[in-house]
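In: Predicted model, plus sequence, below.
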Amino acid sequence: MVGIFHSHSLNLSNVAGKIISPANNVSTARILSLFLANSAIDVLGWYKPIAKVWLQSQFERVGEIRLIVDGTKVGFGHQLLMVSLAYRNRAVPIVWSWVKYVGGHSTGKQQVSLLEYVGSLLPKCAPVFLVGDSEFDSIFVLQQLDQWHWFYVLRQKTNIGLWVNEQIGWRELGSFVNQPGQSALFQKACLTKNEIYPVSALVYWQIGEKEPWCCQRQLDLLTATIRNAH
């Protein structure tokens, strides 16, 4: 952990270079490699009780659970999917998974699997508020979140199709605003042409940003939630 923090890297050679040890970097990197390859190291089993305590603690203090979902490309050919607990402007990891990365996004099935695991750790009847980027924007994920009655705000691509009414028809989500400072809120709309799933949507172009933020939501206090997450 110290080596990763100080090296700002996941490369074992870089990590080893930041670890204080009488061994040289090559030996330290080899020791780390053997440790990571040890099948007796049960990361999920050891981490689970700690994650449950964090979730329970937030519920007891604020009466709800606040989660962040994210997908990040790391290195060559791999992507890190993570579900974190939002706490004092920090993201505390609850569960994560490495997936092979070629291009595009991870699958909705992979994402839902992580969210299901987090759901198994939650205190009973705890309200869940979830925010995330466009990695988790699939209709399959939205359907699961709605079934669980989780509140969510997830970013969407600007070119995704949105249906508002018969007069407007289908338009790209980002086309509803033309310049910074503008916003458009649709309480009842549908995504996408192929799947036609009912959502509420917000398009907001903040001054200073290069393009608008497009979000699908299941929240009444959408604007406040996005500002807090940002």
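Out: That came through fine.
In: what sits up against stretch 182-190?
Out: 162-164, 176-177, 196-205, 212, 222 (Cβ atoms under 8 Å, 6 or more residues apart in numbering). No exception for glycine: its C-beta is placed from N, CA and C like everyone else's.
In: go on, stretch 130-148?
Out: Applying Cβ under 8 Å, 6+ apart, the set of residues contacting stretch 130-148 is 66-71, 81, 86, 105-106, 108-109, 111-112, 115-116, 119, 128, 150-157, 160, 191-192, 195, 197, 199, 216, 218, 225-226, 229.
In: ok, and the most centrally placed residue in the chain, which helix or strand is that part of?
Out: Nearest residue to the geometric centre of the chain (Cα atoms, centre = their mean): residue 69, 1.5 Å. According to DSSP states H and E, residue 69 maps onto strand 65-73.
In: Name the helix or strand for residue 112, please.
Out: helix 108-121.
In: now the angle from that helix to strand 65-73?
Out: Angle, helix 108-121 to strand 65-73, by axes from the mean of the first three to the mean of the last three Cα atoms, to 10 degrees: 150 degrees.
In: The protein - how does it break down into domains?
Out: Domain ranges of the chain: 2-36, 42-149, 157-230, per automatic domain parsing.
In: and those domains as CSV, adding mean pLDDT?
Out: Output for the domains of the chain, formatted as CSV (pLDDT from 0 to 100):
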stretch, mean pLDDT
domain 2-36, 91
domain 42-149, 90
domain 157-230, 83
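In: Longest helix in the chain, by number of residues?
Out: With residue count as the measure and DSSP state H as the assignment, the chain has helix 43-62 as its longest helix.
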